[in-house]
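Visitor: I'd like to go over a predicted model; first the sequence, then the structure.
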Amino acid sequence: MVAWGEYKKMKDHDTSARQLMGDSFKKKIKENLHFIKLLGQVVLVTCTQKLAQRGHREGEETDNPGNVRKILKNEIICILAVMIKTEIVNEAKEAKFFSIIVDETKDVSKTEQLSLIIRYCYKENLYESFLDFKAAFQLDANALTHEILNVLKRHEIYFKANLVGQGFDGVSVMSGRHKGVAARIKQEAPFAFYVHCHAHRLNLVLVDVIKSLPDASQFFSLLEKLYVFISGSYAHAKWIDVQKELYPNEQTRQLKRLSDTRWACRYDACKVIRDRLSAVLANLDLVKAVELIETVTVQLEEMRSDPSSFDPL
């Protein structure tokens, strides 16, 4: 009877099963387009506002697994990334002439990452667009040159005559006149003139100024000694424990190592000390107390083995 009722309804409305399936398919497409648009808007908001897309814990038992599992899919992010990168590459090809900016940085897993930015003029506007990240397992000039040129080749960006500039930091492996990355790329692209990154040049000036001021020089020397001391296995474990005790609701922080070529490292190092000064002092007191106890323990053991060696005050 149900089937007959459905048949009568279709006949009365002059509707076939094929039409019903077509309408259902169109409705499904419309719903999917709506969901994709919504997910794209969420990705755009979280990225531009620098909101976390992942939760601290993402297991089934957690109430807040993060935005990725709640409202996003990694596939959507990958699709959007491909679309954006394709648009950047097409603009660069249409602009014809371009330059590159390359730098290295370590990610959270301590893997050296090579970041490549492409700079070009498109429709009378100047753009600096991120093009690619590449893990750099070898940091010699030949390997870095190979990775940089491979990125351009993979995106089919013609560089032999169209690459007119390259900007790196001033370390010898990048800026070496004869065997540096800049010199090797210029052999492949003769118009690719090298420019020492102005941000790094300003940083080198500031480093030299700091070294000429005794108080500032001593301060940053102390920061470096703190980093070396607390990076030790025993002191570092205590450093993490002290932070968890003093700042239970905040993520643990790491002290930053100073570098003459990483222009933001001094600011980062000072910021961690400012935000975790109580933990630094508590950690130093704790380590000092433990070392004192160990020293006393060793002396007591020596007294037990050789009482004559004890020298009363």
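Guide: Arrived safely. Numbers count the residues shown, from 1 in each chain.

Visitor: can you list the weak-confidence ranges in the stretch 201-313 of the chain?
Guide: Within the stretch 201-313 of the chain, the stretches with pLDDT under 70 are 261, 263, 289-294, 296-313.

Visitor: surely residue 231 meets residue 256?
Guide: No: between residue 231 and residue 256 there is no contact under CB atoms under 8 Å: 10.7 Å. To be clear about C-beta, it is placed using only N, CA and C from the backbone, and glycine gets the same treatment.

Visitor: Looking at the two, which one has more neighbours?
Guide: Ranked by neighbour count (other CB atoms under 10 Å), residue 231 and residue 256 place residue 256 first, with 20 against 13.

Visitor: Is the more buried one located within a strand, as I assumed?
Guide: No: residue state for residue 256 (DSSP: H, G, I helix; E, B strand; the rest coil) corresponds to coil; a strand is not indicated.

Visitor: how much space between it and residue 266?
Guide: Residue 256 is 8 Å from residue 266, where distance means CB to CB, to the nearest Å.

Visitor: Looking at this protein, which helix is longest?
Guide: helix 17-48 (DSSP state H).

Visitor: Now do that one: distance to the chain's middle.
Guide: Chain-centre distance of helix 17-48: 32 Å, with CA atoms, centre = their mean, to the nearest Å.

Visitor: list the buried ones in it?
Guide: By 16 or more other CB atoms under 10 Å, the buried positions in helix 17-48 come out as 39, 42-43, 46.

Visitor: Output the residues you listed as JSON lines; include the columns distance to residue 196 and pLDDT.
Guide: Below are the buried residues of helix 17-48 laid out as JSON lines (distance: CB to CB, whole Å; pLDDT from 0 to 100):
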{"residue": "39", "distance to residue 196": "42", "pLDDT": "70"}
{"residue": "42", "distance to residue 196": "41", "pLDDT": "70"}
{"residue": "43", "distance to residue 196": "36", "pLDDT": "71"}
{"residue": "46", "distance to residue 196": "36", "pLDDT": "71"}
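
Visitor: between those residues, which is closest to residue 192?
Guide: Proximity of these to residue 192 was ranked by CB to CB; the top entry is residue 43 with 34.7 Å.

Visitor: The closest one against residue 77, yeah?
Guide: Yes: contact status for residue 43 versus residue 77: in contact at 5.9 Å, counting by CB under 8 Å.

Visitor: Now residue 190. Its backbone dihedrals?
Guide: Backbone dihedrals for residue 190, given as degrees, to the nearest 10, come out at phi -60, psi -20.

Visitor: who touches it in this structure?
Guide: By CB atoms under 8 Å, 6 or more residues apart in numbering, no residues touch residue 190.
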